[in-house]
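Undergrad: 3D model of this:
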Amino acid sequence: MPLLPFLEANRLEAGCDEVGRGCLAGPVVAAAVILPEDFSNPWVNDSKKLLKSQREELVEEIKSNALSWAIAEASVAEIDQINILNASFLAMKRAVLGLKTQPNHLLIDGNRWKSDLQIPHTCVIKGDGKFASIAAASILAKVYRDDFMAKLAEDFPYYGWETNAGYPTKVHRKGISDYGATPWHRSSFKLLPDQLELNFK
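TA: As a prediction, the model looks like this:
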């Protein structure tokens, strides 16, 4: 079943989503996308439900068809300073501000949104599986962040970031245990279970 093209017809709606909140390392990345109301692609869906190859194929189609799109991030330092939830809001705000066309309404994935932007919004729980613009934002953000972490893995090869993108997998935690934390790890996060000792080499 295709996702909904809009919440309300005849207004510019930007779908917003972020990726990387549950990661132990790397920035949190957000995207905002304004799609034309007649945009239709049956493959556009929650990025987590798509294969890597499908997401990568959809990126160019989304970018070429969108009325406007933008990707932004909040850094590891910002995550550690203001916490991951506020950093996620910050990244989404930056993505919205990066749009060349400013929307009349925001569709925010999730149940909470806090911002000083003067744009009306609607929070949609599991919105990336309901609205095409939110799904498109989730795809852009995930592909960007996965590529970013894969490039970092070239300089930090012990953590499996090229496949786990910084999420807390066994390989990632073994890398932290054996080689310690990197500057890209979030110091405000619990990097290892209590029974393992973090090695700061």
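
Undergrad: would you state the helices of the protein in chain order?
TA: For the chain, applying DSSP state H gives helices covering 52-65, 76-82, 84-97, 132-155, 161-164, 170-179.

Undergrad: from the chain's centre, how far out does the fourth one sit?
TA: Yep, that's helix 132-155 we're talking about. 7 Å (Cα atoms, centre = their mean, to the nearest Å).

Undergrad: what's the lowest-mean-pLDDT helix or strand in the chain packed up against?
TA: Here the helix or strand of the chain ranked lowest by mean pLDDT, DSSP states H and E is helix 52-65, holding a mean of 93. Judged by 3 or more Cβ pairs under 8 Å, 6 or more residues apart in numbering; DSSP states H and E, helix 52-65 is in contact with helix 132-155. Just so you know, the C-beta spots here come from the backbone N, C-alpha and C atoms, and that holds for glycine as well.

Undergrad: what is the orientation angle of the helix it packs on with helix 84-97?
TA: Counting by axes from the mean of the first three to the mean of the last three Cα atoms, to 10 degrees, helix 132-155 lies at 110 degrees to helix 84-97.

Undergrad: next, the angle from helix 132-155 to helix 52-65.
TA: Going by the same axes, to 10 degrees, helix 132-155 makes 120 degrees with helix 52-65.

Undergrad: tell me which residues of helix 132-155 are tucked away?
TA: Within helix 132-155, the residues that count as buried by 16 or more other Cβ atoms under 10 Å are 132-146, 148-149, 152-153.

Undergrad: just give me the neighbour total for the closest residue to residue 39 other than its chain neighbours.
TA: Closest residue to residue 39 apart from its sequence neighbours, by Cβ to Cβ, 6 or more residues apart in numbering: residue 65 at 5.7 Å. Using other Cβ atoms under 10 Å, residue 65 is surrounded by 17 other residues.

Undergrad: got the contact list for residue 65?
TA: Residue 65 makes contact with 35-36, 39, according to Cβ atoms under 8 Å, 6 or more residues apart in numbering.

Undergrad: where is pLDDT lowest across these?
TA: On pLDDT alone, residue 39 ranks lowest of these, at 91.

Undergrad: right, and that one touches residue 5 too?
TA: Yes. Between residue 39 and residue 5 there is a contact under Cβ atoms under 8 Å: 6.4 Å.

Undergrad: common neighbours of the two, please.
TA: The contact lists of residue 39 and residue 5 share residue 132, where a contact means Cβ under 8 Å, 6+ apart.

Undergrad: between those two, who's got more neighbours?
TA: Remark: of residue 39 and residue 5, residue 39 carries more neighbours, 20 against 16, as counted by other Cβ under 10 Å.
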